[in-house]
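A.B. asks: everything below, folded, please.
(chains A and B)
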Amino acid sequence: MTDIAPGLADPAHDSQRLFRAILEAFSHPGRIVTLPEAPTGVVPLSHAATAFVLTLVDRDTPLWLEPAFDVPAVRDFVRFHTGARIAMREADALFAVVTPGRTPLLDGFAIGTDPYPDRSATLVIEVPTLTSGETRTIRGPGIKTRAEISIAGVPASFWAEWAANHALFPCGVDVVFTSGASLLALPRSIVVEA
Amino acid sequence: MPDGAYNYAYLDEQTKRMIRRAILKAVAVPGYQVPFGGREMPLPYGWGTGGIQVTAAIIGRDDTLKVIDQGADDTTNAVSIRRFFARVADVATTTRTEEATVIQTRHRVPETPLKEGQILVFQVPIPEPLRMLEPRETETRTLHALSEYGVMQVSLYESIARHGRIAKTYNYPVLVNGRYMMSPSPIPKFDNPKLDRNPALQLYGAGREKRIYAVPPYTPVKSLDFDDHPFEIERWTECCALCGSRESFLDEMIVDDEGKRLYVCSDTDYCQERQGAQAQGKEAP
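C.D. replies: This next block holds a predicted model:
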């Protein structure tokens, strides 16, 4: 317990700034938002994933960690700074940190119900970059006409999964891709065209 | 100086996180009313407790806040909310729509077109558009789940049968992105077209009912109507007595004992900007 990485230096103001950046990303799906003064966090979490967890996760929101992230340093970091319970099963989690290598990627997480679609999970997917992948066109709320995304490291099968996830609307999971200190949001309302 | 007796922006961090999570869900499911743990605020329900909690969860020291009540910056509700945030959130305030990053509003959308990056926070008394037609929450929730909005179309039809037109003039129901029916809060239906594909983010907070909902930028918002009774906004034969605008929403004022009437812009900032420009001999914006 002696070497827990530091969290937010100034919790009220840092989390406000980070939340507004995250809100910008959710309001403009596909837009790459670089987080202002993202916390260094803890290996193997990226700065953006660390910032996302510190800003939104707390004792009310169980967090699921894919085995790659389920290491003592991360567990201690999350527990100490957020008080969140580490979920044993995907279905119990409201937030999750995963790698794009997991297949099927979106399987097992809470998608909400038709009367309560908000009772669903938000997934943080750690990717190598947000700019060097295959380009895809997206449309939906928050996008003027169409936008392009080029997320690296995501398997082709993910986009079929995403189409199935969008088809569940208003149910479904929301996804945030993180890399370095940047993130890009893909709410369930978004259609990935090709 | 912020008031040191309270956490920044009045609410504690745990509450702000809970509201922030609700806001993200609201943005992800446009028009859906997300339940949230509404807190008791230092003013009564009906005075904007929902809007204040949303504003408190998003506002920061870099923001410039504008607060309007029925379009005016200088009415009691607007003045007290603006002073509240100046005190607890150490935030700059303005009356100019253009300068504001966060605009909290009761019952109007500013006349000046909003820009990308601005956030419009609505104070909502009754978030459920179907509530006057169906009092049971369990029922309205099911109707939303099934996207079953026939009861509202019947209500509008009955209005046409009775009055020859859709007589609803405020809180006029809309459909967000073709899916959820939403109450736009009691804005005049004159403002409904401004909600459609607006570049700004719209957040709606209902304090008593403990609901948050949102319309992301550029999202289609359609006012309900019929093919043979298309949606129409109010028109006036008069213009604003102060700035001469024929485009803005006008308030009717009785100015003497004989019942003489005057019409003035409801949006005080818009009206003053125009008057200022006219005084300088420029073309009104």
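
A.B. asks: in space, what's closest to the closest residue to chain A within the stretch 51-200 of chain B - neighbours in sequence excluded?
C.D. replies: Residue of the stretch 51-200 of chain B nearest chain A, by Cβ to the nearest Cβ: B:Ala145 (3.7 Å). Quick note: C-beta positions are derived from backbone N, CA and C, even for glycine. Leaving aside its chain neighbours, B:Ala145 sits nearest to A:Asp114 (3.7 Å; criterion: Cβ to Cβ, 6 or more residues apart in numbering or on different chains).

A.B. asks: kindly state the pLDDT recorded for the residue nearest to A:Val33 when sequence neighbours are not counted?
C.D. replies: Leaving aside its sequence neighbours, A:Val33 sits nearest to A:Ala25 (Cβ to Cβ, 6+ apart; 4.3 Å). On pLDDT, A:Ala25 comes in at 98.

A.B. asks: ok, back up a step: surely the residue nearest to B:Ala145 meets A:Gly172?
C.D. replies: No. Using Cβ atoms under 8 Å, A:Asp114 makes no contact with A:Gly172, being 11.2 Å away.

A.B. asks: neighbour count winner among the two?
C.D. replies: Using other Cβ atoms under 10 Å in any protein chain shown as the criterion, A:Asp114 and A:Gly172 rank with A:Gly172 on top: 24 against 14.

A.B. asks: pretty sure the more buried one sits against A:His166.
C.D. replies: Yes. A:Gly172 lies in contact with A:His166 (Cβ under 8 Å); the separation is 6.6 Å.

A.B. asks: can you list residues touching both of these two?
C.D. replies: Shared contacts of A:Gly172 and A:His166, defined by Cβ atoms under 8 Å, 6 or more residues apart in numbering or on different chains, are found at A:Arg188.

A.B. asks: all helices for the stretch 51-200 of chain B, in order.
C.D. replies: Assigned helices in the stretch 51-200 of chain B, in chain order: B:76-88, B:137-145, B:150-163, B:192-195 (criterion: DSSP state H, counting those that start in this stretch).

A.B. asks: can I get the longest one in CSV, CA atoms only?
C.D. replies: Backbone C-alpha positions of helix B:150-163 (Å, rounded to 0.1, in the frame of the first residue of the first chain) are rendered in CSV as follows:
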residue,chain,number,x,y,z
GLY,B,150,-50.6,8.0,-29.8
VAL,B,151,-52.1,9.5,-26.7
MET,B,152,-50.4,12.8,-27.3
GLN,B,153,-51.4,12.9,-31.0
VAL,B,154,-55.0,12.3,-29.8
SER,B,155,-54.7,15.2,-27.4
LEU,B,156,-53.5,17.5,-30.2
TYR,B,157,-56.3,16.2,-32.4
GLU,B,158,-58.8,17.0,-29.7
SER,B,159,-57.4,20.5,-29.5
ILE,B,160,-57.9,20.9,-33.3
ALA,B,161,-61.5,19.5,-33.0
ARG,B,162,-62.3,22.0,-30.2
HIS,B,163,-60.4,25.1,-31.3
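
A.B. asks: coming back round to it: would you list the helices of the stretch 51-200 of chain B in TSV and tack on mean pLDDT and distance to A:Val74?
C.D. replies: Converted to TSV, the helices of the stretch 51-200 of chain B look like this (pLDDT from 0 to 100; distance: least, Cβ to Cβ, whole Å):
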stretch	mean pLDDT	distance to A:Val74
helix B:76-88	96	35
helix B:137-145	97	37
helix B:150-163	97	49
helix B:192-195	98	42
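
A.B. asks: for the spatially most central residue of chain A, give me its contacts.
C.D. replies: Centroid check for chain A by Cα atoms, centre = their mean gives A:Val124 as the closest residue, at 2.2 Å. By Cβ under 8 Å, 6+ apart, the contact set of A:Val124 is A:Ala49, A:Phe52, A:Val53, A:Phe95, A:Ala96, A:Val97, A:Val98, A:Val176, A:Thr178.

A.B. asks: okay, and which of the residues you listed map to helices?
C.D. replies: Secondary structure assignment by DSSP state H places A:Ala49, A:Phe52, A:Val53 of the contacts of A:Val124 in helices.

A.B. asks: which among those are in contact with chain B?
C.D. replies: When Cβ under 8 Å from any Cβ of the partner chain is applied, no member of these is adjacent to chain B.

A.B. asks: need the buried ones from the residues you listed selected in PyMOL.
C.D. replies: Buried members of these can be picked out in PyMOL with the line below, counting by 16 or more other Cβ atoms under 10 Å in any protein chain shown:
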select buried, chain A and resi 49+52+53
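
A.B. asks: surely A:Ile32 touches A:Ser182?
C.D. replies: Yes. At 5.3 Å, A:Ile32 counts as touching A:Ser182 under the criterion of Cβ under 8 Å.

A.B. asks: helices along chain A, start to end?
C.D. replies: A:11-27, A:47-56, A:72-82, A:156-167.

A.B. asks: how far is stretch B:60-69 from where the chain is centred?
C.D. replies: 15 Å (Cα atoms, centre = their mean, to the nearest Å).

A.B. asks: can you give me the distance of B:Leu24 to chain A?
C.D. replies: Per Cβ to the nearest Cβ, to the nearest Å, B:Leu24 is found 5 Å from chain A.

A.B. asks: now the helix or strand that residue falls within: buried residues?
C.D. replies: Using DSSP states H and E, B:Leu24 sits in helix B:13-28. Residues of helix B:13-28 classed as buried: B:13, B:15-28 (neighbour count, 16+ other Cβ under 10 Å).

A.B. asks: quick one: it to helix A:11-27, angle?
C.D. replies: Compare the direction of helix B:13-28 with that of helix A:11-27 by axes from the mean of the first three to the mean of the last three Cα atoms, to 10 degrees and you get 10 degrees.

A.B. asks: report the angle between helix B:13-28 and helix A:47-56.
C.D. replies: 110 degrees.

A.B. asks: and helix B:13-28, C-alpha only, in CSV?
C.D. replies: Provided in CSV are the C-alpha atoms of helix B:13-28 (Å, rounded to 0.1, in the frame of the first residue of the first chain):
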residue,chain,number,x,y,z
GLU,B,13,-18.0,15.9,-5.1
GLN,B,14,-19.9,12.6,-4.8
THR,B,15,-23.1,14.3,-5.8
LYS,B,16,-21.5,16.1,-8.7
ARG,B,17,-20.1,12.7,-10.0
MET,B,18,-23.6,11.2,-9.7
ILE,B,19,-25.1,14.1,-11.7
ARG,B,20,-22.2,13.9,-14.2
ARG,B,21,-22.9,10.2,-14.8
ALA,B,22,-26.6,11.0,-15.4
ILE,B,23,-25.6,13.8,-17.8
LEU,B,24,-23.5,11.4,-19.9
LYS,B,25,-26.3,8.9,-20.0
ALA,B,26,-28.7,11.6,-21.0
VAL,B,27,-26.4,12.6,-23.9
ALA,B,28,-26.0,9.0,-25.0
